[in-house]
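**Q** task: produce atomic coordinates for the following.
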Amino acid sequence: MVMSVELLEATRMVERLRVAELRSLLSSMGKNNKGLKKELLQRATELLQKECGPELLSAIHRLYELRQSATINTRRSQAFAVTPASEVIAMPTADYLSEPGVVMDNLVPEVQMIKLPFYHTLETIVAPVPLVPSCGLTLQTSYITFCLTSSQWAQIKNSQESNSDLKSVQVVLRICYTESIGVEDDQYPPKIDVFVNGYYCLIQVRYSSLKDGVEPSRPCCPINLTRLLRKNSENSVSVTWGNYGKRYSAAVYLVRVFSSTELLEELQNRAVASKEQCRLKICEKLCCDPENEIATTGLQVSLICPLAKTRMSVPCRAQPCAHLQCFDAEFYLQMNERKPTWTCPVCHKPAAFETLQIDSLLSSILQSTEDAVKEIEYLSNGSWRAVREERESSKTLDPSLLNLNSHAVLLEDVVDLTQCSTDDDDDQW
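**A** Take a look at the predicted model:
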């Protein structure tokens with residue numbers, strides 16, 4: 001048991017962590033790390049109260065020490081460092097160019113932006129640099145200047161001349177928090193406006209409230225600058241943003257934009273779980289626990305996608321997910337193309353594109369059953385049966401489909417995966 005004093009000290013440390021540290025802490029403990037800071041803090045506090053142990057305490061102390069170290073470095077830089085003009089993207093506005101003694105903080109940690117499945121980075125045009133407030137006003141303006149190479153222009157032109165618009169090459173602006181550790185999601189600052197070479201650049205933003213200081217709601221997608229760029233001269237991007245105490249960084253990338261159709265093709269080519277892998281997962285679920293007198297002799301799986309509410313065509317699930325229930329990969333990718341959340345609809349845990357796997361065994365079952373069949377049950381004798389709505393008639397198929405050792409068994413206990421999951425419901429879809 002952890003002493004109450006130690007628990008109180010750990011709770012105090014957790015309350016002082018920033019968003020990136022809270023995400024890192026929850027992720028390291030296998031918990032959902034998505035959401036606002038208030039939600040992350042509540043989740044971390046509950047974890048500390050319910051599952052406090054040496055591993056968790058060690059992680060909290062390590063993150064807290066990193067936070068303290070970053071704070072000390074920031075204060076030192078504010079006191080002594082003057083940012084060289086060549087390393088800063090923020091500049092004083094015209095009204096403040098004559099003001100002497102403007103101190104800018106350039107001592108910021110290396111920013112790592114999260115990889116986006118629909119945007120494959122080809123080149124980094126401007127690496128992440130801080131948006132630094134240059135005066136006491138709330139509304140700030142920061143500048144980025146760059147020139148595109150002939151090679152970069154050629155890639156853009158070739159994609160525009162292509163008959164298909166599925167693989168578009170773009171120059172995009174990405175903005176995120178400037179944090180000491182972790183990988184950052186895209187996040188626009190409050191009151192954001194972007195101008196490229198003096199022309200307004202359209203941004204799709206949504207605000208949950210009209211109060212001052214409120215950031216645009218996530219997801220915040222990369223901002224396409226391509227159509228406003230100049231080929232043979234320097235390009236200037238100005239970012240107007242509200243300074244309410246938070247620190248942001250911006251970067252410019254040359255990216256190839258992929259569609260949900262292309263990601264589905266990529267998934268089908270590289271991430272298909274073999275039938276043998278699927279069988280092993282089923283066996284693990286049906287394995288009898290020596291301490292449990294009731295044997296699990298069946299596992300029910302729905303053939304209906306929990307998202308689309310229609311019969312699945314490409315069943316998949318994330319590798320970290322413990323459940324057998326799948327969802328339709330095509331619909332899942334289409335949904336995340338419109339609004340990227342990358343959350344499993346079954347257990348509500350993170351289900352990033354890189355972790356998705358197609359269930360080849362369930363795919364073969366879908367192909368061999370009639371459309372009227374909406375649910376199947378895996379049996380411990382190595383077969384499966386179609387579960388009718390009336391649950392009276394059943395169809396037991398050839399055990400060779402699963403290629404498991406067949407043995408007679410009585411159905412004593414059936415686990416219905418459409419009603420429950422072995423994962424913790426940390427969040428809602």
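**Q** quick one: buried residues of the longest strand anywhere in the chain?
**A** In the chain, with assignment by DSSP state E, the single longest strand is strand 119-131. Of the residues in strand 119-131, those buried under the neighbour-count criterion (16 or more other CB atoms under 10 Å) are 119, 121, 125, 126, 128, 129, 130, 131. Bear in mind the C-beta positions are built from the backbone N, C-alpha and C, glycine included.
**Q** what's the farthest-apart pair in those residues?
**A** The span of these, defined through CB to CB, is set by 119 and 130 at 21.9 Å.
**Q** of the buried residues of strand 119-131, closest to residue 195?
**A** Sorting those by distance to residue 195 puts residue 131 at the head of the list, at 14.6 Å, by CB to CB.
**Q** wait, isn't that closest one in contact with residue 140?
**A** Yes: in this structure, residue 131 sits in contact with residue 140. The criterion is CB atoms under 8 Å, and the distance is 7.2 Å.
**Q** which parts of the stretch 251-400 of the chain are strands?
**A** 272-273, 298-302, 315-318, 327-328, 356-359, 375-379, 384-387, 394-396 (DSSP state E, counting those that start in this stretch).
**Q** can you say which of those strands is nearest to residue 226?
**A** strand 356-359 (29.2 Å).
**Q** now do the closest one: everything it contacts.
**A** Contacts of strand 356-359 from elsewhere in the structure, counted by CB atoms under 8 Å, 6 or more residues apart in numbering, are 267-268, 271-273, 278, 314-319, 326, 329, 332.
**Q** recalculate using a threshold of 10 Å.
**A** When contacts are taken as CB atoms under 10 Å, 6 or more residues apart in numbering, the neighbours of strand 356-359 outside the stretch itself are 117, 263-264, 267-268, 270-275, 277-278, 281, 301, 312, 314-319, 321, 324-327, 329, 332-333, 342, 344, 365-366.
**Q** so residue 34 sits in a helix?
**A** No: under the criterion used here (DSSP: H, G, I helix; E, B strand; the rest coil), residue 34 is coil, not part of a helix.
**Q** my guess is it contacts residue 114. True?
**A** No: taking CB atoms under 10 Å as the definition, residue 34 is not a contact partner of residue 114, at 11.6 Å.
**Q** these two: who's more crowded?
**A** Legend: neighbour count by other CB atoms under 10 Å for residue 34 and residue 114, higher for residue 34 (20 against 12).
**Q** what number of residues lie near residue 49?
**A** Around residue 49 there are 11 residues (other CB under 10 Å).
**Q** and what of residue 145?
**A** By the measure other CB under 10 Å, the count of residues near residue 145 is 11.
**Q** run through the bridge partners of it.
**A** Under DSSP bridges, the beta-bridge partners of residue 145 are residue 236.
**Q** who are the contact partners of it?
**A** Residue 145 sits next to 89, 126, 234, 235, 236, 237, 238 when contact means CB under 10 Å, 6+ apart.
**Q** kindly report the same for residue 339.
**A** Here residue 339 is in contact with 218, 219, 221 (CB under 10 Å, 6+ apart).
**Q** can we see that at 7 Å?
**A** Taking CB atoms under 7 Å, 6 or more residues apart in numbering as the definition of contact, the neighbours of residue 339 are residue 219.
**Q** what separates it from residue 206, distance-wise?
**A** The spacing between residue 339 and residue 206, counted by CB to CB, to the nearest Å, is 10 Å.
**Q** kindly report the same for residue 341.
**A** Taking CB to CB as the measure, residue 341 and residue 206 are separated by 14 Å.
**Q** ok, the two, which is more surrounded?
**A** residue 341 (14 against 9).
**Q** number of residues surrounding residue 172?
**A** Burial measure for residue 172: 20 neighbouring residues, criterion other CB under 10 Å.
**Q** run through who's touching whichever strand or helix holds it.
**A** Here residue 172, judged by DSSP states H and E, is contained in strand 168-177. Taking CB under 7 Å, 6+ apart as the criterion, the residues outside strand 168-177 that touch it are 19-20, 111, 113, 119, 125, 155-156, 159, 184-189, 194, 222-226, 229, 237, 246-257.
**Q** sheet-wise, list the partners of the following helix or strand past it with their directions.
**A** Using DSSP H and E, the helix or strand that directly follows strand 168-177 along the chain is strand 183-184. Here strand 183-184 has these sheet partners by DSSP bridges: strand 112-113 (parallel).
**Q** about what we covered before: top of the contacts of residue 145 by neighbour count?
**A** residue 237 (24 neighbours).
**Q** list the contacts of that one.
**A** Counting by CB under 7 Å, 6+ apart, residue 237 makes contact with 144, 173, 194, 196, 225.
**Q** correct me if wrong: the third one contacts residue 250.
**A** So that's residue 194. No: with contacts defined as CB atoms under 7 Å, residue 194 does not count as touching residue 250, sitting 9.7 Å away.
**Q** now the helices: where do they sit in the stretch 251-400 of the chain?
**A** With DSSP state H, counting those that start in this stretch as the criterion, the stretch 251-400 of the chain has helices at 260-270, 275-286, 329-338, 360-368.
**Q** among those, which gets the worst mean confidence?
**A** Sorting the helices of the stretch 251-400 of the chain by mean pLDDT places helix 275-286 lowest, at a mean of 84.
**Q** return that one as PDB; C-alpha atoms alone will do.
**A** Taking Å, rounded to 0.1, in the frame of the first residue of the first chain, the C-alpha atoms of helix 275-286 are listed here in PDB:
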ATOM      1  CA  LYS A 275      -6.300 -17.100 -40.500                       C
ATOM      2  CA  GLU A 276      -3.800 -18.800 -38.200                       C
ATOM      3  CA  GLN A 277      -3.400 -15.600 -36.200                       C
ATOM      4  CA  CYS A 278      -7.100 -15.200 -36.000                       C
ATOM      5  CA  ARG A 279      -7.500 -18.800 -34.800                       C
ATOM      6  CA  LEU A 280      -4.900 -18.200 -32.000                       C
ATOM      7  CA  LYS A 281      -6.800 -15.200 -30.800                       C
ATOM      8  CA  ILE A 282     -10.000 -17.200 -30.700                       C
ATOM      9  CA  CYS A 283      -8.300 -20.000 -28.800                       C
ATOM     10  CA  GLU A 284      -7.000 -17.500 -26.200                       C
ATOM     11  CA  LYS A 285     -10.600 -16.400 -25.700                       C
ATOM     12  CA  LEU A 286     -11.900 -19.900 -25.400                       C
END
